[in-house]
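Undergrad: just need the structure, nothing else, for what follows:
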Amino acid sequence: MSRSTRLLRLLQAMRGRRQPVTAAQLAEALEVSERTIYRDIADLAAQGAPIDGEAGVGYILRPGLFLPPLMLSEDEVEAIMLGLRYVDQRGDDLLQAAASVALTKISAVVSPQAQARMISPLSLPGPPRTFPQNAMPLEELRKAIRDRVRLDILYGDEQERRTERIVWPVQLCFLDQARVLCAWCELRQDFRTFRTDRIVKTTRLDRYPAQRADLVRRLRPHLDKLGDWRTSPDGN
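TA: Residues are numbered from 1 along each chain as shown. The predicted model follows:
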């Protein structure tokens, strides 16, 4: 079998196990030598696979996000490159850095033909935009979304009128002309969109009672009803 196939089978053999599995057991399952298992585990760990353990004791794959060796079609490589370049142009500093790291990791595990396609993609996003400066890092909003924390925000509209809202942050949206926080607004008892550059101040409160997955599901049809919200989003 090819090395990429062997590495993928090795990950599959370790995935879902609650107890460490020895190199001898893995070697028997994959029909290779223990020395090959030790080398492959070292390679996977160097690529970022969340593997714990040591020789003579056993290995276990911890939960976590890990991209195994891939065989990608030309169209799939094209889609990945277009998405990463879009993020590099329109994302904030954190997402731009993440896109760069992701590109490096993907390039390390795909075939030489796919690597060549990544260097010279057929498609590119449109020209980059200049976004208004945010009063606070978007990472604070991301953390509130992950933690399901209610936020007390001070918000200014396009006429520079300021209002105070208590919101349940659900998602960040990166548009062509603005970055937007989508949230449940306690004042309006409905979903609202808030341009992040107009959020003057945030204060973290307690956790909101709803499940975020349920809010995301309910948010999507609401956004579809807003028509041109993607070009002129604003809370109201």
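
Undergrad: sticking with Glu28, tell me its helix or strand.
TA: helix 23-30 (DSSP states H and E).

Undergrad: for that helix, name the packing helices and strands.
TA: When contacts are defined as 3 or more Cβ pairs under 8 Å, 6 or more residues apart in numbering; DSSP states H and E, helix 23-30 packs onto helix 3-14, helix 34-46, strand 58-61. No exception for glycine: its C-beta is placed from N, CA and C like everyone else's.

Undergrad: so what strands line up beside whichever helix or strand Tyr155 is part of?
TA: Using DSSP H and E, Tyr155 falls within strand 149-156. Taking DSSP bridges as the criterion, strand 149-156 forms sheet pairs with strand 162-174 (antiparallel), strand 199-207 (antiparallel).

Undergrad: now render the ones you listed as a markdown table, adding mean neighbour count and distance to Cys182.
TA: As requested, these are arranged in a markdown table below (neighbours: other Cβ atoms under 10 Å; distance: least, Cβ to Cβ, whole Å):
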| stretch | mean neighbour count | distance to Cys182 |
| --- | --- | --- |
| strand 162-174 | 18 | 5 |
| strand 199-207 | 14 | 13 |
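
Undergrad: picking up where we left off before, using CSV, write out every CA atom in the helix holding Glu28.
TA: Coordinates of the C-alpha atoms in helix 23-30 are reproduced here as CSV (Å, rounded to 0.1, in the frame of the first residue of the first chain):
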residue,chain,number,x,y,z
ALA,A,23,2.8,-0.8,18.2
ALA,A,24,2.7,-4.6,18.0
GLN,A,25,-1.1,-4.6,17.7
LEU,A,26,-1.0,-1.8,15.1
ALA,A,27,1.7,-3.6,13.1
GLU,A,28,-0.3,-6.8,13.0
ALA,A,29,-3.5,-4.9,12.0
LEU,A,30,-1.7,-3.1,9.1
